[in-house]
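Enquirer: mind folding the following:
(one chain, ligands or ions: 3)
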Amino acid sequence: MSECSNGVTCLGGVGGPWPRRLRVGLLDSTLREGEQTPGVSFTVEQKLEIARLLDEIGVSMIEAGHPNVAPDVYEAVKRIIGMKREGVIRRAEIVAHSRAVKKDIEVAAELEPDRIAIFYGVSDVHLKYKHKVTREEALSIIGEMIEYARQHGVRVRFTAEDATRADYSFLLEAVRTAREAGADRVSIADTVGIATPYAIRRLFERLTQDEPGVEYDIHAHNDLGMAVANSLAAVEGGATIIHVTVNGLGERSGIAPLEQVAVALKRHYGIDVVDLRRVTRLSRLVERYSGIPVPPTAPVVGENAFVHKAGVHVAGVLANPETYEPYPPEWVGRSRDYTIDKYTGRRALQARLERLGVRVSEEELVEILRRVKQRSGARWLRDEDLLEIAEEVTGRALRPRPPEEIEALVTVKCEANIYTTTVARRLSIIPGVEEVAEVTGENDILLRVRAKNPVELNQVVEAIRSTRGVRETYTMLVLRRIPMEHHDNNGRLSASS
Ligand SMILES: CC(=O)SCCNC(=O)CCNC(=O)[C@H](O)C(C)(C)COP(=O)(O)OP(=O)(O)OC[C@H]1O[C@@H](n2cnc3c(N)ncnc32)[C@H](O)[C@@H]1OP(=O)(O)O
Ligand SMILES: O=C(O)CCC(=O)C(=O)O
Ligand SMILES: [Mg+2]
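Expert: Numbering: from 1, shown residues only. Ligands and ions are numbered 1, 2, ... in the order given. Have a look, this model is predicted:
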């Protein structure tokens, strides 16, 4: 943060400082715009779960749906409003969508949402071909319908649909009409994703100057991949709410993704709009419920968002992650990784081998790398493949081996007022018990047990359980043992098999 010349606290970032304090929140429309994604139909229960999570992570508004669309949409909006009333949703304002049509408004109003959002196209193409009205008729419909909704005692947002293709003077007239009819918010919709950041910023600067009596939302579609940039530009121009959906769902190419907008607001302006650490889980949930896969390359939540590949990159990241990361993955509850393949360099390879508990000499490392680069057909090498190569080069057994017999660790809790050592002695003579340790913590004794097969293991565990003084046991099967490497007397490495 820095001080502007006029003494106002400004926020920095690329292109900053901005001439005013940026104030912004998110409206999540996953349940309305998101369900307009071809192929998506959430169940009512899924919507309730998503709404609760959205409130928990801190979005300012939830656009719950357009109640007059279908019975299940009505039911979901009703129950989400009920959750707000019961305090399950604690903060988010619940918004119901509606055409500028009395029936839609009535159906929405009977549910008593916090706000009804009434949309109406304001571009000439929408007026002429969709609404088939003149500009004057449009203004009168907008005014009349907003007043009608206000008579039901509900707050109103007016959405100027296709605002970015509208004539500015008519858009301003529509906004004024909406304000005079009782709307306290106006959504400026870039309905076909046609705007550029500069044009959007100017548009919001003009609107906030020419009609400061309402607060403005930006609803940016992503047809040209500009939704996030346009949303940020709108905030710089004076918008105070950004419309988003989880994973950027929505009509055609969707709208600005919640996760990207939230990270960008923090990265560029230092503004926390939601609990970022939970957005990845929310994204996975919506991916599952929507059936729309998140591409690996998707920012923030994509599988590859924090995975590095080229040797130069990995070497840089190992020295300091800032070299190739715009923000730490921990911000969004994730961790970084890197792949091993023909693009790998020595540093990456050495780090990966060390992570696998394998130390090699400089010559061995060079030879392993040479062999890795020969496997150019593989998309990437799994740890298993790398260890196989390392075994070939070093001649040591490095891969985890499944145990030939069944091995288990058994924790034991003793009866109260019994001397633990007495119980431990009794247990130590059971055939199959190989090691006994008295331990601190929740349990009293830890046993290592070996058996030839499950039946025999069961017998050993039964014998432990029926030993006098044993109150409770918990058995963990050992799945595999990792070979440990030891230094020999000359400081060289040798591996136990
Ligand atoms: C850009 C956006 O995403 S805005 C949100 C759009 N949301 C939706 O479309 C929700 C899903 N839609 C639906 O379920 C249906 O279209 C309904 C229930 C809204 C309307 O269904 P129908 O009455 O069968 O009309 P249909 O969908 O065929 O056509 C839309 C009608 O609404 C009118 N209309 C469209 N937008 C508006 C508006 N903002 N205000 C008033 N009327 C409108 C159209 O002119 C057309 O009227 P017409 O039937 O007299 O020609
Ligand atoms: O209601 C809004 O703010 C936006 C409506 C919409 O989905 C759009 O214009 O793309
Ligand atoms: Mg939209």
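Enquirer: tell me, how many residues neighbour S169?
Expert: S169: 10 surrounding residues under other C-beta atoms under 10 Å. In this view, the C-beta of every residue, glycine as well, is placed from N, C-alpha and C.
Enquirer: can you tell me the closest non-neighbouring residue to the one residue in the stretch 351-497 of the chain that gets nearest to ligand 2?
Expert: In the stretch 351-497 of the chain, the residue found nearest to ligand 2 is R379; the distance is 38.5 Å by C-beta to the nearest ligand atom. Excluding the flanking residues, the one nearest R379 by C-beta to C-beta, 6 or more residues apart in numbering is D341, at 7.1 Å.
Enquirer: OK, contacts around the one you found?
Expert: 309, 372, 375, 378-381 (C-beta atoms under 8 Å, 6 or more residues apart in numbering).
Enquirer: among those, who's most crowded?
Expert: V372 (23 neighbours).
Enquirer: got the residues of this structure near ligand 1?
Expert: By C-beta under 6 Å from any ligand atom, the residues of the chain that approach ligand 1 are 36, 66, 68-69, 99-101, 119-120, 130-131, 161, 191, 251.
Enquirer: for C414, state which of the residues you listed is nearest.
Expert: Q36 (61.9 Å; C-beta to C-beta).
Enquirer: tally up the residues packed near the closest one, please.
Expert: 17.
Enquirer: any idea whether the residue most central in space within the chain is helix, strand or coil?
Expert: For the chain, T280 is the residue whose C-alpha lies nearest the centre (C-alpha atoms, centre = their mean; 2.2 Å). Assigned with DSSP: H, G, I helix; E, B strand; the rest coil, T280 falls in the helix class.
Enquirer: in the stretch 201-350 of the chain, which residue sits nearest ligand 1?
Expert: E251 (5.7 Å).
Enquirer: quick one: that residue is in a strand?
Expert: No. Read with three-state DSSP, E251 is coil and lies in no strand.
Enquirer: now the strands for the stretch 101-250 of the chain?
Expert: For the stretch 101-250 of the chain, the strands defined by DSSP state E, counting those that start in this stretch cover 115-121, 155-161, 185-190, 215-220, 241-244.
Enquirer: could you dump the ones you listed to TSV with distance to P454?
Expert: Listed next are the strands of the stretch 101-250 of the chain as TSV, based on distance: least, C-beta to C-beta, whole Å:
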stretch	distance to P454
strand 115-121	62
strand 155-161	64
strand 185-190	63
strand 215-220	59
strand 241-244	52
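Enquirer: can I get those strands in TSV with mean pLDDT and mean neighbour count?
Expert: Formatted as TSV, the strands of the stretch 101-250 of the chain follow (pLDDT from 0 to 100; neighbours: other C-beta atoms under 10 Å):
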stretch	mean pLDDT	mean neighbour count
strand 115-121	99	25
strand 155-161	98	25
strand 185-190	98	26
strand 215-220	98	27
strand 241-244	98	30
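Enquirer: what about I200, how many neighbours?
Expert: Applying other C-beta under 10 Å, we find 26 residues neighbouring I200.
Enquirer: right, I mislabeled it, should have said N453
Expert: N453: 9 neighbours (other C-beta under 10 Å).
Enquirer: next: the one 10 residues further on.
Expert: Neighbouring residues of A463 were enumerated by other C-beta under 10 Å; the total is 18.
Enquirer: got a ChimeraX select line for the buried ones in the residues of the chain next to ligand 1?
Expert: To isolate the buried members of these in ChimeraX, using 16 or more other C-beta atoms under 10 Å:
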select :36,66,68,69,99,100,119,120,131,161,191,251
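Enquirer: ok, which pair from the contacts of D341 is furthest apart?
Expert: Maximum distance among the contacts of D341 (C-beta to C-beta): 14.9 Å, for K309 and R375.
Enquirer: spell out which parts of the stretch 201-350 of the chain neighbour ligand 2.
Expert: So the stretch 201-350 of the chain meets ligand 2 at 219, 221, 243 (C-beta under 6 Å from any ligand atom).
Enquirer: gap between the first one and E161?
Expert: I take that to be H219. In this structure, H219 and E161 are 9 Å apart, going by C-beta to C-beta, to the nearest Å.
Enquirer: same thing with the second one?
Expert: Using C-beta to C-beta, H221 is found at 11 Å from E161.
Enquirer: what's the overlap in contacts for these two?
Expert: 189, 191.
Enquirer: from V125, how far off is M226?
Expert: 20 Å.
Enquirer: more neighbours: the two, which one.
Expert: Higher neighbour count among M226 and V125: M226, with 20 against 12, using other C-beta under 10 Å.
Enquirer: what residues of stretch 201-214 count as buried?
Expert: So for stretch 201-214, counting by 16+ other C-beta under 10 Å, buried means 201, 203-205, 207-208, 211, 214.
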